[in-house]
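Engineer: Build the 3D model from these lines:
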Amino acid sequence: MKQGSANAIQRRLTGAFLLVGIIPLLALETARWLGGGYWLMLLLCALPMALLAYYLASRFARPIVRVNRTVEALIHHQDPPPLPVSRCPELGSLARNVNSMMTSRKQFEQRLRASEAAARSTLYELNERQRALDHHAIVGITDLRGDIVYINHKFEQISGFGAAELLGNNHRIINSGTHPKAFFRDMYRIICRGEVWHGDICNRAKNGSEYWVATTIVPLRNPACDVDRFMSLRTDITEQKQAQERLRQALDAAEAGARAKSEFLATMSHEIRTPMNGVLGMLGLLTRTELNDDQRHQARLAMESAESLLVIINDILDFSKIEAGKLEIDDIDFDLPSMLGDFAEAMAMRAQAKHLELVLDLTGLTQSMVRGDPGRLRQILSNLVDNAIKFTEQGEIVIQARLVGAGTEYYRFQCQVSDTGMGIALDQQQRIFDSFTQADGSSTRRHGGTGLGLAVVKQLCRLTGGDISLDSTPGQGSCFHFHLKLWASQQPAPAPLPEADLAQIPILVVDDNSTNREVLQRQLSLWGAEVTTAGDAAGALQRIDARLAEGHEPPFAVAFLDRLMPTMNGIELGRRIRQNPRLDAMSLVMMTSISNRGDARELTAIGFDAYFPKPTTLGDLLRALQVLLAPRGTARERPLVTQHYLNSLPLPAPQQLPWPADCRLLLVEDNAINQHVIHSQLQAMGLPCETAAEGDAALTRLRQTDPDRPFSLILMDCQMPGRDGYATTQAIRNGEAGEHYRYIPVLALTANAIKGDRERCLQAGMNDYLSKPVKLEDLQQKLQLWLCGNHDPAPAAAAPKPRLAVWDSAAVHKRVRYKTERVQVLVEMFLEGAPEHLRQLQQAMADKDLRQAIYHAHTLKGMAGNLSAERLAAAAGALEQHLREPAGPVQAGPVQAGPEALLGAVDEQLLQLTGLLKDYLRGAAVTPR
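Structural biologist: Numbers count the residues shown, from 1 in each chain. Here you go, the predicted model:
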């Protein structure tokens, strides 16, 4: 404080104030002293704080620095040591995280190095494989359009094209044209489905040469799993194909020497068949004359012996079968029930010699006419039944046949031959079908045989689309089951027997053999009869008395009695029945497996009406019932109805067909006997015929014929001296006999000695063929086809004849015995299959695939024929004929229809037929047109 201020304060405090005085120098001194102390204290406090701060900063910053250095080392791909973990929670957590990161990084780097090593190894291996593949395989990749996007060097080498010429071009640049379009269409259909395709392809190189490659095409998929490329791996197999071709040429050369033998054998076959034709032809004419029973029986035996000899000749002289070591299968129309009945009748005598029952059960046959090889079927049955008779000492042998409709074009024929013989042990059943094998070696000594029979049977079954099996129990018997394929026949069923009215007719069957009773009962029931059965004579008498008590007189219209029965046999039972006057109107039929001399006289004396050996054919059985059920005046024309009696009934004369006016036939045949036989057959049919002994004479006769009275048809023998039938026909087709004879129908007379003979006839220009020996029925049928205009219409008419029916409903109902459900099944199967065949036919014709087109046209014709769709069958037949012989003589006419017009006719007829069939299935009343 200043001195003035102190004086003032002193004055104010003079009175009532306290006076305070401050010495400025002292005050300032104290302040300076306090300030110095403050700074000293501040210094003394700041130094420890600085030291403490430095210490703390150093302690916390050091771990962070280490983390920073570690991270920098990791950035520079160094391998720093792990960080020490601080006791500080935050720094310790940071250190642990960094250490964990380094550990994970090391593991990842290890995996990465391992993966990189594996990738390098795989890449190296792939490179090696590609190098090896490039040295061996031809690799190419195309896109979906077929444009080439990749090829390897091997591709360039074999094709002759450079990479610049191939890449971006379509694969058709190497197409050789060897394969049809259908080949590539099938291939693309497979690979476009994502499937792998394998096959052999013929390609064309740049220089024009062809090479073959075995090809595998693999579809390649993109990340979306869609196929976007195709990789083809090819192997050059040109040398292999060339080796195969050289081998084929070598085989052809080796077979060239055999052809002379084959032709010689065919000629010898013809020379042997010619007299056989005369024998069989004359015997056939003889059986149509008036003969007594013994003469007819002798003529029939001679006919059967001659036919058996002909079968042997066929087997011996069929050179193609001997060379190939296998049997060829024929394809002809035949009556199945008739064939089986004739076979059983022929085998019955051998069974009867051993007192065996031979039972034939045909109730499972729903179709009469079929197409196949009856000779081979008879051979199969003959082996099986012959063995059954041979190895059966007592009991029965049952032949049971069924026909199952497996499709619209074919049937499955199922047959079993069972016996009650010695049976076959299980261990021997495995080898029973091997060659030179019999179940029991001792049987060879007792029964003979080579052991080849069942091996041949198995081969025949397989050649006919089937197989054979065996069920057998030693001591109880054996049962052979076999099946084979029989095709649907286009031929009409044989003329049926006059129908006997068996509806509600009471019939009694008495037989101690249950199989015989069941078979006969089923067959009679199918014909509408009311059948009662009995297992012995006592049971039969009880049933007769019961019917009499009910007021039925006579109790049964017909009684079938077995001869051999226990207690009371059939003869004694017949006597008991005839002793009752109330049973006089009941017809008695004796059925026996044993025939003895004098049986007919004894049975007639007792009062039997008929007498038949077992098994009895369906035809004989039905004809006997027709006679027995006829009015009394005609039913007793003979004291006893037998097979001889039925065979002695007048045969219907050949039908006098309404042949065209001024019809003349020319027979070209060098053998005088054959000329006489065929001339007699034609004369029996009311057809005039002239003959020529060889080809040149036939040409001369044709050229010299009055133009106003031309020949209508030529029957041409194939094997003749000088100009044979083939050359003569070709000369006629070339106009050497005159332009008006270029298209005359020519029917070949062929021995059919070797496979392909029929095809050769058609290729030579012949219209049809007849196999020697010529049967009257076959000759009449062929002449009706070609003279009366009932054969398939010529392609000149693109549409079928108006008189044909779109669908003959009545005919198809009659064929299936008026069972509507069967007709419905046939119609449904047709509607399901026919449109697909038409589609494939159209596609095949578009692709010019002749073989497939013929197949589908033929299939459509068969399906339509089975359904009695006459117009479609005719249209499909005309198309098939045109495809087989597009320039053949059968195509003659003023207007030639092309294949497109014929295909259009098939399409149109199928459309009409489909509408009718759908209406039928809907239950609409459709009148067949």
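
Engineer: Doesn't Thr515 lie inside a helix?
Structural biologist: Yes - under DSSP: H, G, I helix; E, B strand; the rest coil, Thr515 sits within a helix.

Engineer: any idea how far the spatially most central residue of the chain is from Asp599?
Structural biologist: Centroid check for the chain by CA atoms, centre = their mean gives Gly465 as the closest residue, at 8.5 Å. Gly465 is 44 Å from Asp599, where distance means CB to CB, to the nearest Å. C-beta: built from backbone N, CA, C; applies to glycine.

Engineer: for Leu699, same thing?
Structural biologist: According to CB to CB, Leu699 stands 61 Å off from Asp599.

Engineer: Gln523 too?
Structural biologist: Applying CB to CB, the value for Gln523 to Asp599 is 24 Å.

Engineer: Could you do Asn152 as well?
Structural biologist: Asn152 sits 91 Å away from Asp599, going by CB to CB.

Engineer: Please apply the same query to Asp186.
Structural biologist: Going from Asp186 to Asp599 by CB to CB gives 69 Å.

Engineer: When those two are compared, which one has more neighbours?
Structural biologist: When Asp186 and Asp599 are compared for neighbours, Asp599 comes out ahead with 19 against 12, by other CB atoms under 10 Å.

Engineer: could you list every residue that touches the residue nearest to the centre of the chain?
Structural biologist: Taking CB atoms under 8 Å, 6 or more residues apart in numbering, we find Gly465 in contact with 484-485.

Engineer: now do 10 Å
Structural biologist: Residues in contact with Gly465, defined by CB atoms under 10 Å, 6 or more residues apart in numbering, are 329, 372, 410, 412-413, 483-487.

Engineer: Check Met347 too.
Structural biologist: Neighbour list for Met347: 358, 360, 381-382, 385-386, 388-389, 397, 399, 615 [criterion: CB under 10 Å, 6+ apart].

Engineer: Quick check: phi and psi at it.
Structural biologist: Met347 adopts backbone torsions of phi -80, psi -20, taken as degrees, to the nearest 10.

Engineer: Give me the buried subset of the contacts of Met347.
Structural biologist: Buried subset of the contacts of Met347 (neighbour count, 16 or more other CB atoms under 10 Å): 358, 360, 381, 385, 388-389, 397, 399, 615.

Engineer: Sort out which of those residues are in helices and list them.
Structural biologist: 381, 385, 388-389 (DSSP state H).

Engineer: which one among those gets closest to Ala351?
Structural biologist: Set against Ala351, the nearest of these by CB to CB is Ile389 (5.5 Å).

Engineer: All the helices of the stretch 801-929 of the chain, residue numbers only.
Structural biologist: Along the stretch 801-929 of the chain, the segments classed as helices by DSSP state H, counting those that start in this stretch run 809-815, 820-846, 850-866, 870-884, 899-921.

Engineer: what does the stretch 451-600 of the chain give?
Structural biologist: Using DSSP H, counting those that start in this stretch, helices in the stretch 451-600 of the chain cover 453-463, 514-526, 537-549, 570-578, 599-606.

Engineer: Columns mean pLDDT and distance to Gln843 on top of the ones you listed, output as CSV?
Structural biologist: Below are the helices of the stretch 451-600 of the chain laid out as CSV (pLDDT from 0 to 100; distance: least, CB to CB, whole Å):
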stretch, mean pLDDT, distance to Gln843
helix 453-463, 77, 32
helix 514-526, 82, 45
helix 537-549, 92, 66
helix 570-578, 91, 66
helix 599-606, 80, 67
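
Engineer: Quick one: closest of the ones you listed to Leu749.
Structural biologist: Smallest distance to Leu749 across the helices of the stretch 451-600 of the chain (CB to CB): 27.8 Å, for helix 453-463.

Engineer: Buried ones in the closest one, by neighbour count?
Structural biologist: For helix 453-463, the neighbour count (16+ other CB under 10 Å) marks 453-461 as buried.

Engineer: Could you tell me which ranges of the stretch 251-400 of the chain sit under the pLDDT cut-off?
Structural biologist: Along the stretch 251-400 of the chain, the parts satisfying pLDDT under 70 run over 257-274, 277-278, 281, 285, 288, 308, 310-328, 349.

Engineer: can you give me the helices in it?
Structural biologist: Per DSSP H, counting those that start in this stretch, the stretch 251-400 of the chain carries helices over the ranges 293-317, 319-324, 336-353, 374-390.

Engineer: now swap in the stretch 51-200 of the chain and tell me
Structural biologist: Shown for the stretch 51-200 of the chain, the helices assigned by DSSP H, counting those that start in this stretch span residues 89-136, 153-159, 163-166, 181-192.

Engineer: Out of those helices, which one sits most buried?
Structural biologist: Of all the helices of the stretch 51-200 of the chain, helix 153-159 has the most neighbours on average by mean count of other CB atoms under 10 Å, namely a mean of 17.

Engineer: correct me, but His179 touches Arg204?
Structural biologist: No - His179 lies out of contact with Arg204 (CB atoms under 10 Å); the separation is 11.5 Å.

Engineer: With neighbour numbers in mind, choose between these two.
Structural biologist: Arg204 (17 against 14).

Engineer: now the more buried one: how far from Gly865?
Structural biologist: Here Arg204 is placed at a distance of 45 Å from Gly865 (CB to CB).

Engineer: Buried residues, stretch 532-540. List them.
Structural biologist: Buried residues in stretch 532-540, counted by 16+ other CB under 10 Å: 532-537, 540.

Engineer: Including distance to His679, could those residues go into CSV?
Structural biologist: Listed next are the buried residues of stretch 532-540 as CSV, based on distance: CB to CB, whole Å:
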residue, distance to His679
Thr532, 55
Thr533, 54
Ala534, 56
Gly535, 58
Asp536, 59
Ala537, 58
Ala540, 56
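
Engineer: Inside strands: which ones of these?
Structural biologist: Taking DSSP state E, the ones among the buried residues of stretch 532-540 that sit in strands are 532-534.

Engineer: Do you have the strands of the stretch 551-700 of the chain handy? List them.
Structural biologist: Listed in chain order, the strands of the stretch 551-700 of the chain (DSSP state E, counting those that start in this stretch) span 558-562, 587-592, 610-613, 665-668, 689-692.
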